[in-house]
Each structure stands twice: as C-alpha cells, then as structure tokens.
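K.L.:
Turn this into a model:
(chains A and B)
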Amino acid sequence: MISSRVITAVCYLLFAPFIIGLLDGFDRKISARMQGRKGPSVLQPFYDLKKLFEKEFLTANKIQLLMIRSYLFFIMLSGVIFFAGFDILLVVFSLSTAAMFLILASTSTHSPYSAQGTHRELVQIMSCEPMELLVAVGFYLAMGTFNVNEIAQGQMSPITFLPGFFVGFVFILTIKFRKSPFDIATSHHAHQEVIKGVTSEMVGKEYGMVTLAEWYENAILLGIVGLFFINSNPVSIVAAIVAILVVWFLEILIDNTSARVKWQLMLKLAWGVTIVAAGMNLFLLEIIRG
Amino acid sequence: MEMLVTALICLPFLWAILPAVIHNSKLRAFFVYLGCGIVIVLSIVTAVQWYLAGGQALDFDLPYSGLFDEVILYGDLLLMCLITYLSFKYKRGVISLLAIVQTLLVAGLEVFGPELPAQPALHFDWLTLIMILIIGVIGSAIGIYAVGYMHGYHIHHHKELTDRRSFFLAMIFVFFGAMFGLVLSQSLVWMYFFWEITSVTSFLLIGYTRTEEAVANSFKALWMNLLGGCGIAAAIAVGILGYGTVNLYDIIANAIASPADMLCLLPIACLAFAALTKSAQFPFSGWLLGAMVAPTPSSALLHSATMVKAGVYLLIRVSAAMADNYVGNMVALIGGFTFLVASCLAISVSDGKKVLAYSTISNLGLIVACTGCGYEETIWAAVFLVIFHAVSKSMLFQCVGAIENTTGSRDVEDMQGLASIFPKLACILMIGIAGMFLAPFGMLISKWAALKAFIDTNSVYVSTLMVMFICFGSATTMFYWTKWMSKILGASPREKSRDLTKKNEYISMFFHAVLVIALILGFPWLSQNVLKPLTNSMFGTDVQVISYQNIIIMIVLLVGIFVIPCLNYFMTKNQKAKQVITYMGGANAGDNMSFISSTGDAKEMHISNFYMEDIMGEKKLFTPAIMISTFIIIVYMIIVIGGAF
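P.N.:
The predicted structure follows:
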C-alpha cells in the first residue's frame, strides 16, 4: 500500500514532464491543423527545452534564479503530496505558495512588462484560487476525506456527486493552462501587448525551469481532473484517462476559437462560474447530507 | 498564585503613576523599561508556575476581595464621569448617554439588586495562560519599542504637536493592568469594569495628537466600544434578574445545559455582541480604521495585538455555548463576511497602516468565524490564529512605524526596493508578512481546520456560506500580501541611506521575529502541550485535531520555505551570469530605472501595483458591507430576544 504510493510519486517526478511535454507537442500540432498549418514535430517542446538550457545565462537580477528554483521545487513538492495520496487541501496551499515565488521572481527585475504580467498573474491566481479550494471541499463532502488515496478508493466516482465542481474546475483550467481567452498574464507566443508577461525577463535556463514547472503543475491539474472519475474499480482508470484527454482537447478548441479578454471580465467570469456552478453543487450536497 | 495574580493586575496600574509624574526623558525611559521588564517576568513566572503545577483550572479570589468590589463600583462611576465630561467638552454630549445608561444599570443592580451568592472572582485556565503571555510578553515588548518610537515621533517628525509622552506611556501601563484583569475575571461585573477601562484607554490614545481628525476618530471608537459595553451590561442585568448570578462560567454552563431555552441564550448573545464591537467586526469596523491616526505603538498594542483580542477572547470563552445555535450562526456569519470584505478592501488601499488595519479586521473575522462554529477543531484553530496574529501583526505595525520614521512615508508604493535600501527593516517586514499568510504558518493551519469544521456544521445555509467566504477570502488575502511582498523585494531607484530606527525599536522587532520563528518551529509542541489540553478541557473530549500525517507535511512545507530559498541562494551565488538590462521596447535609458520619454530625455520609471479601486474600492464596498452586516446582526438579535420573552 505504502510502497505503491511511493511508486506513484516517483513516477510523477520522473515521467510527468515527458507526458505533459508530449501532450504539449500534440497541442501545437492540433492547433496548427486547426489553423490550416502543418505544425512542428510533436517532440518540438523537448527540443525547445533543451535549447533553453543550453543558452548563455543572461539576467537582470540574480535573485530571480533563486526564486525560480524555489518555484520549481514547490510545484514538484505539491505534485508529490498529490500523487503520494496525501491531503488535497495541502496540495492547493502548496501550489499557491509556489505561485508566490514566481511572482517574486518576476517583480525582482523592475521591468515594466514583467510587472504588468505579474499583476495580471496575481489576478489570475485570485480568480482561480476559490475554485481550487472548493474542489478540495467538494471531494471532502462527497467522499468524507481530504486524502487523495482514500478519495481514489471510493465506491462511486466523485463526479456523480460533483458535476458542478467539475464544470467550475474545467472553466478555471483555461486560466491555469494560460489558454486564450484568459492568456492575459503570459501567452504561449510572445504577443505585442503582453510580450511574455510574467516571464518577460526570464531567459535561457530560467525560462526552461519555468516551462518545466508548468509541465509539473499541469500534471497535477490533469490529475485532479482524473480524480473526479476514479473509484475502486480499476476500469475507472480508463474513464479517467479518457476524461483527461477530452478536457485537454476542449481546452485546445477554446484556445483556438476565442480572443483574449480583459482581466476585469476574467475575474468576473471565473468568480461567477465558481459561485454558480460550485456554489449550487455545494449547497445541494449539504442538503443531501442533511 | 493569588499574590502573583494580584501583583499582575495591580502593579501596572500603580506603575502607571511613575511615567505620568516623571518628565525627565531619560529617567522616565528607565522606569518604563523597568516596568515592562517586571511585567514580562511576572507574566512568565505566573504562567510557568501554573503550568508546572499541573495545568488545572483554578478558581480563586484576590485578597481583600470586598475592597476590590468597592473599588470597581466607584471606578465604574468615575469612568462614567470622565466620559461624560470629555464628551461634553468636545460637544458630543450624546455619547455620554451610552455610558450613563449602562453604568447606572450595572451599579444600580449591584447596590439595590438581589444579593448574589459569594463566588470566587477570578479564574485561571489554559486560555488565560495564553492571553497572559500574549499581553505580558508582546505587550511589554511594544512598551519598550514605544519609548524609542515616541522620541523620534516628537523630536524628528511632529515638532508641531504637544509632547504628551508621559501621558502616553502611563496609559500603556493602565492598559496592561486592565487587560490582565479582563482575562482573569470570571465575574462579569469585574470584567465589565476592565472592559470599560480598555475602551477608555483606547479612546484617549487615539485622540493623543488632539488634531481634529484624531478627536473625531477617537469619539467614533468610543461610542462603538460603549455600545459593546452595553452588551455586557445587558448580560449582567439578565444574569442577575434571570438566574441570580453574574458568573460568566455559570451563564455558559446554563446555556449549554438547555440549548433550546432562548432565555439562557440571551446573555450569551449580549456578550457575543459586545465581543463583535471590540473585535471591530463589520458593521463596527470603522473605529479600528479611524484608530490608525494614533501613534504606531498604540496601534500595535491596542489595535492589533491585544485589545481587539479581548473580544475574541470572550468569544472563545463562550464558544461552547454557541455551537449550532442562532448566536453561533450570527457570530460565524459576521466573522466570515468580515473576513472576505475586509480582505477585498485591503486590496484597494496603499497606505501601509491601513492595509494592516484591514488585514487585522479580516484576520479577526476568521477567528470570530471559527469561534462561532463552536467545534473543537475551530477553537483549536482560533487560538492558534490568536497567537500567530498577535506576534506577527504587532511586528508588522512596529516595522511600518519604523519605516515611516525613517523614510517619511508609510505608503506601500514608496517601499519599492526596501530590501536593498534598509535590509534589516525589509527582513522583518518579510518575516511578518510570511507569518501572516504563507503556508505553513498560522493562517494555513487555521484555514485548514476551519474549512473542515464548517463543512461539518449542521446548518446548511451557514455551512455553504462560510465555505464560500473562506475560499474567496483566502484568494483576496493572498493578493494583497503578495503584491506588498513583491514591492519590497524589487529593485530600488534610491541609494542606501541612514536608518533612523532606534536601538530599542530594533530590540523589540528582532525579539518578535525570533518569536515568530520559534512559534513556527515549535508548532507541533504547542499543539500537543498547550492547545490540546485547552480544547480538551473545554469540550471534555480527547481528539487529535490535526493528523500526524498532516503535521509531517506541514513541517516539510515549513522547512521548504526557509531552507529551499537559502539553499538555492548558496547554489546560485557563484553562478556566472551576464548582467543585462530589462526589456523596455528599446526605450531604455541605460539602466532599469528610467526610460527615454517622447520628449527625448530620460524619465524615471514608476511601477505601480494593482489596486482595483473600481471593483474592490472603499467607496464601492464599505457602505453595502455595513448594511448587510447590520442586517444580519439585527435579524439574529431579534430572533434571540424575541425567543426569550
């Protein structure tokens, strides 16, 4: 039992970047096809990452590197807590601690573009955090525990109790994955308005580490999507994987069919969806529980 | 024990005479240090002695108890006269009505009312222990800080103001005595007296500078706190006339014994109402914001570390009687609502002290919400937050005060790159901010426990609303702290300059910083040896609130947050890097601080934080918040009062 939890956590540390990197490669390919282009090889994200780590190290402030390394560490730690089956609420807290290091890394340079990106990133975090916490609350209500390994061993998949939470969570995933229409803090492509937002001043291996951290983070987020579908029956793992792929494809579709919105609208939409979808679900669950 | 406690209450009152009559600055400073030293030693000795004696709850009387009863009766009347005189002097006579009504009610019942059975007046248990240590240790450290700060305040910055330092320092000692008395009393009459003293000292200290704004704000604080006093007076009246007791613990036991009887719940509701005013919850938050005109030591001491905790203390006391009933629901809703709204408002202000004021209100809201829930987990969390908040917030206030004395501004926008100009001050500020909101410090543990408990609360509406309040409130809390932190750590356009902070200010601040770190490291010990006995004796159960596994994870997080950045610092220190300037679309003027403007010459670049005034601004949120919270309080009070008669 314990050893299987350790193995999952180690697998996460070893393979998460490969899986998410590969998904990222397919993402680019599919996006390109949607736009009528051929698109790069699916291994392109790995070539990019390799190139970033080989570049000369330029920096505007050396504190930045320290902060980014801490950011990467805390994201990996959150992932270990999640995949080793510990408390999901602590995963959320640990993720927001990690995010703070990214913010500090970005503002340490006193650069106008990264400052703008930082504040937008802060708004993004503020938009998402209530929903992330509510997801943890939802799992507790549905399964009676915060522990991921116990949630995964339930009689029924949590999604049967938590459809509203699922909708809300998929909504904020667009913000978390930095996809259009909510790619306001930084987008995958350097854009006139945001340059590269929060990552504007990160060069070479610094940017490589941020990319790696984002891959690790996306693995946790997709893991939470999967957790909605998993129960004690091993077949549910297939359902979880299918769900993850569907959600992932949906995000690509949204990315390619929408235009960036202002942060005010993003905040209102994210909080609105959280209150309506998750709030209603929460209220109904409470009533059922009595 | 009796002697120690007597000394603890009486000595500060008597010691207050010394700074009041000595006007030689050096000599007065010496006596203040000595007084603070004695208070620290006394409070620690009392606490240790009680702890070593086995930590059993004690009921006892002061020697000459009858004399003290007399003193308190006349003291009440004296306070009433003082308030009446001052409110007429400043042409706000109406306020004196509040004081006259409640004092005459209490004094009248005491003199002419039915004879009450003789009971011990004081009580000492785990909660008292914690409060005494907070008041004694944190309070005295602030007292030491005050000497240096007030010197700089008058000599360097506010030469136009009358120097009333003697009065200020004397008031601080009066306040110590009153707070000790308040947390030790089990007779409501005694508690009422000490409660009124804290209200009056707060009022006098807010009006310290005697400017028009200060006077207006001090009267605002006065009337709100007096309204709270009315709550205690009403509880005393109900206690005497209803069941012939003014003993707080009897009243609580009554309410627990017959939860359906609204008459038993009524005094609890009155006490809770009083506590809400003292803890500056909405709709009574205005007074705490106004109180920020007072010199920083009084903000740190009264308006964040100790006095506002008196309200929370009372709520924790009565919390067992509030589990899953109307009073508990009222308190929880007000607390949760305040937590969310105050943290939203904190986003929209840039005055450092005002951010701290809003965050104090917001944090107290979380504590109040925990007590309103009335479960073992939440009380555990509430006490934890009280301890963490007292230390971190008093440190933050002192630090902002020191920054203001040194740089001439306490605006967050002016703290750009503080870390490179005044590294010592910045370091203290960072520890304080981290202590306030980061994982795995106080806030996180409390939020974890509170969320769990609120999900399990019986009332569906309260449970749903509270969970939403906490989830949204913690998002907004993160926003305003992180943006402040990022201001401090950024690069600075200014050169290093002289730090005007006095040595005694640093002594106090470093002491607090060490205390914060000690608390974090000692958190499992604290939980096991102080908080667990506290909740167990309160609820008579033996429950491990936080699992062993989660303690381990929190310790890992904690080690991570200190060790990882340090480790990374050493690993990246010798990293070869090519220094480059930041990207400004090609308009750099040679460094990161300025750019080439459209006229062709270099201009300094200012980077400002987000304040979201059109979404979270005071103009937009404050009045609706007051209305909603007033509505909640009135509705629940009507339910309880109507049910009682």
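K.L.:
so residue B:496, which of the three states?
P.N.:
coil (DSSP: H, G, I helix; E, B strand; the rest coil).
K.L.:
from what I can see it touches residue B:419, true?
P.N.:
No - using Cβ atoms under 8 Å, residue B:496 is not in contact with residue B:419, being 11.3 Å away. All C-beta spots, glycine's among them, are computed from the backbone N, C-alpha and C.
K.L.:
Among these two, which residue is more densely surrounded?
P.N.:
residue B:419 (21 against 10; other Cβ atoms under 10 Å in any protein chain shown).
K.L.:
Could I get the pLDDT score of the more buried one?
P.N.:
For residue B:419, the model assigns a pLDDT of 87.
K.L.:
Quickly find the element holding it.
P.N.:
Element membership for residue B:419 (DSSP states H and E) is helix B:418-421.
K.L.:
For the helix or strand harbouring residue A:102, enumerate the helices and strands it packs against.
P.N.:
Under the criterion of DSSP H and E, residue A:102 resides in helix A:88-107. Counting contacts by 3 or more Cβ pairs under 8 Å, 6 or more residues apart in numbering or on different chains; DSSP states H and E, helix A:88-107 packs against helix A:63-83, helix A:112-143, helix A:148-151, helix A:204-227, helix B:442-456, helix B:460-489, helix B:548-573.
K.L.:
Now do that helix and helix A:204-227, the angle between them.
P.N.:
160 degrees (axes from the mean of the first three to the mean of the last three Cα atoms, to 10 degrees).
K.L.:
helix, strand or coil for residue B:115?
P.N.:
Strictly by three-state DSSP, residue B:115 counts as coil.
K.L.:
now it: how far from residue A:179?
P.N.:
Distance, residue B:115 to residue A:179, using Cβ to Cβ, to the nearest Å: 76 Å.
K.L.:
Next, the contact list for residue A:130, please.
P.N.:
By Cβ atoms under 8 Å, 6 or more residues apart in numbering or on different chains, residue A:130 lies in contact with A:271, A:274, B:468, B:471-472, B:474-475.
K.L.:
Not counting residues beside it along the chain, what's closest to the residue most central in space within chain B?
P.N.:
With distances taken as Cα atoms, centre = their mean, the residue of chain B nearest its centroid is residue B:304 (3.2 Å). Nearest residue to residue B:304, sequence neighbours excluded (Cβ to Cβ, 6 or more residues apart in numbering or on different chains): residue B:393, at 4.2 Å.
K.L.:
again, but for residue B:21
P.N.:
Setting aside the residues directly before and after it, residue B:21 is nearest to residue B:166 in space (Cβ to Cβ, 6+ apart), at 7.5 Å.
K.L.:
next structured bit after the helix or strand hosting that neighbour?
P.N.:
Secondary structure from DSSP H and E places residue B:166 in helix B:165-184. Following helix B:165-184 in sequence order, the next helix or strand is helix B:188-206 (DSSP H and E).
K.L.:
Show me what the next helix or strand after that following helix is packed against.
P.N.:
Once the chain leaves helix B:188-206, the next helix or strand it forms, by DSSP H and E, is helix B:212-243. Counting contacts by 3+ Cβ pairs under 8 Å, 6+ apart, helix B:212-243 is packed against helix B:65-89, helix B:94-112, helix B:188-206, helix B:248-257, helix B:262-278, helix B:286-290.
K.L.:
Mean pLDDT added to these, as JSON lines?
P.N.:
Shown next, in JSON lines, are those (pLDDT from 0 to 100):
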{"stretch": "helix B:65-89", "mean pLDDT": "91"}
{"stretch": "helix B:94-112", "mean pLDDT": "91"}
{"stretch": "helix B:188-206", "mean pLDDT": "94"}
{"stretch": "helix B:248-257", "mean pLDDT": "90"}
{"stretch": "helix B:262-278", "mean pLDDT": "93"}
{"stretch": "helix B:286-290", "mean pLDDT": "93"}
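K.L.:
Tell me which of these sits most buried.
P.N.:
Comparing those by mean neighbour count (mean count of other Cβ atoms under 10 Å in any protein chain shown), helix B:262-278 comes out on top with a mean of 26.
K.L.:
and the angle for that helix with helix B:248-257?
P.N.:
Comparing the axes of helix B:262-278 and helix B:248-257 via the same axes, to 10 degrees yields an angle of 120 degrees.
K.L.:
what bits of the chain have low per-residue confidence?
P.N.:
You didn't say which chain, so I picked chain A. A:1, A:188-194, A:290 (pLDDT under 70).
K.L.:
To clarify, I was referring to chain B.
P.N.:
Short version for chain B, where the test is pLDDT under 70: B:439-442.
K.L.:
Could you look up the SS state of the nearest residue to residue A:149 once chain neighbours are set aside?
P.N.:
For residue A:149, ignoring the flanking residues on the chain, the nearest one in space by Cβ to Cβ, 6+ apart is residue A:85 at 2.8 Å. For residue A:85, the secondary-structure state derived from three-state DSSP is coil.
K.L.:
quick one on the thing from earlier: out of the helices and strands packed on helix B:212-243, the one nearest residue B:146 is which?
P.N.:
Among the helices and strands packed on helix B:212-243, helix B:188-206 comes nearest to residue B:146, with 10.6 Å by Cβ to Cβ.
K.L.:
And that closest one, what does it pack against?
P.N.:
Counting by 3+ Cβ pairs under 8 Å, 6+ apart, helix B:188-206 packs on helix B:65-89, helix B:94-112, helix B:165-184, helix B:212-243, helix B:248-257, helix B:262-278, helix B:296-300, helix B:307-318.
K.L.:
Including distance to residue A:28, could those helices go into a markdown table?
P.N.:
Compiled in a markdown table, the helices and strands packed on helix B:188-206 are given as follows (distance: least, Cβ to Cβ, whole Å):
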| stretch | distance to residue A:28 |
| --- | --- |
| helix B:65-89 | 73 |
| helix B:94-112 | 70 |
| helix B:165-184 | 64 |
| helix B:212-243 | 60 |
| helix B:248-257 | 64 |
| helix B:262-278 | 56 |
| helix B:296-300 | 55 |
| helix B:307-318 | 54 |
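K.L.:
For residue B:1, find the nearest of the ones you listed.
P.N.:
Here helix B:165-184 is closest among these (Cβ to Cβ), at 11.2 Å.
K.L.:
Would you mark the buried spots in the closest one?
P.N.:
B:165-166, B:168-184 (16 or more other Cβ atoms under 10 Å in any protein chain shown).
K.L.:
can you give me how far it is from the chain middle?
P.N.:
Distance, stretch centre to chain centre, for helix B:165-184: 16 Å (Cα atoms, centre = their mean, to the nearest Å).
K.L.:
Between helix B:307-318 and that helix, find me the angle.
P.N.:
Interaxial angle of helix B:165-184 relative to helix B:307-318 (the same axes, to 10 degrees): 10 degrees.
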